[in-house]
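S.K.: Need coordinates for the below:
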Amino acid sequence: MTAAPAEAAPLYAALGALYESELNAYGTNAAMLIHKWRRDDLVAPHSDLDIRVVLMRAPEDWQEWNGRLAAAHTAAVIRDIANRRLLEHPPGFAFTVSEVDRRRVSPPELATWSLLRGDARALRHWKGHARTSPWSHQDENFYRGILASRLGGRYQLSADSTDNVYLDLSGYRRHCVVWHYLAPCWFAAAALATRTRFPGKSAALTQWRPNGLERQAEMFLRHARATEPDDARRTVAAQNLLSTAHATLRAAMRQVPTPIISTGPGEAGSSSATSWTMTAAMLRVRVARWLYYLDPPPGTATGYLITREAKELRAAAEVLRALAGDEATAAQRLAARMAALLPPGPTTAEVLRDTLAAWQRHRTVVQDFLTLHAT
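M.R.: Okay, here's the model as predicted:
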């Protein structure tokens, strides 16, 4: 098995401690800090920390809380030029302890959680439930969504921005091919082929190696872990590596079954509850992201992140419209009103400013939606 770079663990542990310190300084009241993927999936200096915040309870004012979160994130980024990449964006989700306890977090999402700071016992308990939950259409949608966003020419190396990368640019581009394209697709294909919720990309590449692809899996894992400047593997051009990744994934996808899944008794209701929570948790941190993107620290690029918001917001709007249904209940009408507050097209700085203003005008709607079911 290929070992993870030795320097990654202390770097990300220190980064987690720094982030916790800044969150505390700005009074965000985070009970736990989680990052997506296992620690051996974080490859220094290229991988960013994709953070999730777990709160003891919902704040009285989500928009005011987001202002403090954005300020804390900015303070952490300006500590070191490397943090422009390592802390590329504010957290992607904010959950409450109650939501996780009530199993309203998607099991495949929860399976990828690793602890930065907080209650290790609680996280083990939550992940245990995620591992033992029956496979469902939530899993199918989660993993097939990863594939749908990258396969068929959708992944473009040129769109993987290097604007905040200041160390080893060519190495970072190879990292993007392996860790942003090949490995997530392998992770999703492995899960679908085996109905296993893998905890990370390294685990999938290590544990799922279909006949004929063993060598390729090991090669890409080694590429992901190549960190020494004189490493011979690093002489491979990113475009050549990308061509190999395309061919490898075409072969791996032959192992993935046709998407056939039925909804069992009670599953639809559970799915609706999870969909509400996952969407609300993602939207709870949008204001912090937008504030940071619109007013980043000097020298930090955020234009590509502004553009990327459109994908997240379109997905959220689709879920909200589905939850709204025929708008027969108060909750359904609230979902419809929240969907109307999301921009429908491409995102620009002007669009984000307009959306911030709209959320301010409709502050009660936003607060009610983000808090409903949080306790």
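S.K.: Residue most distant from the centroid, the chain?
M.R.: A328 (32.5 Å; C-alpha atoms, centre = their mean).
S.K.: Can you tell me the SS state at that one?
M.R.: A328 falls in the coil class when you classify it by DSSP: H, G, I helix; E, B strand; the rest coil.
S.K.: any idea how far it is from S271?
M.R.: 18 Å (C-beta to C-beta, to the nearest Å). For glycine as for every other residue, the C-beta is placed from the backbone atoms N, C-alpha and C.
S.K.: now do H362
M.R.: 27 Å.
S.K.: Would you tell me which helix is longest in the protein?
M.R.: helix 303-324 (DSSP state H).
S.K.: now for that helix, which elements pack on it?
M.R.: helix 267-283, helix 286-294, helix 330-339, helix 349-361 (3 or more C-beta pairs under 8 Å, 6 or more residues apart in numbering; DSSP states H and E).
S.K.: what angle separates that helix from helix 267-283?
M.R.: 150 degrees (axes from the mean of the first three to the mean of the last three C-alpha atoms, to 10 degrees).
S.K.: neighbouring contacts of helix 303-324?
M.R.: 88-89, 149, 159, 161, 163, 272, 275-276, 278-279, 282-283, 286, 289-290, 293-294, 331-333, 335-336, 338-339, 342-349, 352 (C-beta atoms under 8 Å, 6 or more residues apart in numbering).
S.K.: Show me how the protein divides into domains.
M.R.: 8-135+263-371, 137-253 (automatic domain parsing).
S.K.: Mind telling me which of these the model trusts least?
M.R.: For these, the weakest mean pLDDT is recorded on domain 137-253, namely a mean of 91.
S.K.: Now do the end-to-end distance for that domain.
M.R.: 19 Å (C-alpha to C-alpha, to the nearest Å).
S.K.: Please apply the same query to stretch 25-37.
M.R.: 26 Å.
S.K.: Contacts for it, please.
M.R.: Counting by C-beta under 8 Å, 6+ apart, 12, 16, 19-20, 23-24, 42, 49-56, 59, 65, 68-69, 71-72, 75, 92, 97, 112-119, 122-123, 199-201 sit against stretch 25-37.
S.K.: you'd agree A281 is up against E99?
M.R.: Yes - if you go by C-beta atoms under 8 Å, A281 and E99 touch, sitting 7.4 Å apart.
S.K.: Look up the residues that both of the two are in contact with.
M.R.: V105.
S.K.: In terms of helices and strands, where is the nearest residue in space to Q360 that is not next to it in sequence?
M.R.: Excluding its sequence neighbours, the residue lying closest to Q360 (C-beta to C-beta, 6 or more residues apart in numbering) is Q63, at 7.1 Å. Here Q63, judged by DSSP states H and E, is contained in helix 62-77.
S.K.: What angle do helix 286-294 and that helix make with each other?
M.R.: 40 degrees.
S.K.: returning to that earlier point: highest mean neighbour count out of the helices and strands packed on helix 303-324?
M.R.: Ranked by mean neighbour count under mean count of other C-beta atoms under 10 Å, those are led by helix 286-294, which reaches a mean of 23.
S.K.: If you count contacts, what does it end up packed against?
M.R.: Looks like helix 286-294 contacts helix 62-77, helix 303-324, helix 349-361 (3+ C-beta pairs under 8 Å, 6+ apart).
S.K.: That helix relative to helix 349-361, how many degrees between them?
M.R.: Put simply, helix 286-294 runs at 150 degrees to helix 349-361, going by the same axes, to 10 degrees.
S.K.: C-alpha coordinates for helix 286-294, PDB please?
M.R.: Taking Å, rounded to 0.1, in the frame of the first residue of the first chain, the C-alpha atoms of helix 286-294 are listed here in PDB:
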ATOM      1  CA  ARG A 286     -23.800  30.700   1.300                       C
ATOM      2  CA  VAL A 287     -23.800  34.200   2.700                       C
ATOM      3  CA  ALA A 288     -20.400  33.700   4.300                       C
ATOM      4  CA  ARG A 289     -19.100  32.300   1.000                       C
ATOM      5  CA  TRP A 290     -20.500  35.200  -1.000                       C
ATOM      6  CA  LEU A 291     -19.100  37.800   1.500                       C
ATOM      7  CA  TYR A 292     -15.700  36.200   1.300                       C
ATOM      8  CA  TYR A 293     -15.800  35.900  -2.500                       C
ATOM      9  CA  LEU A 294     -16.900  39.500  -3.000                       C
END
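S.K.: between the helix or strand harbouring V54 and helix 267-283, how many degrees?
M.R.: Using DSSP H and E, V54 sits in strand 51-55. In terms of direction (the same axes, to 10 degrees), strand 51-55 departs from helix 267-283 by 100 degrees.
S.K.: so what secondary structure elements neighbour strand 51-55?
M.R.: Using 3+ C-beta pairs under 8 Å, 6+ apart, strand 51-55 is in contact with strand 30-36, strand 93-96, helix 97-101.
S.K.: same thing but at 6 Å, please
M.R.: Packing partners of strand 51-55 (3 or more C-beta pairs under 6 Å, 6 or more residues apart in numbering; DSSP states H and E): strand 30-36, strand 93-96.
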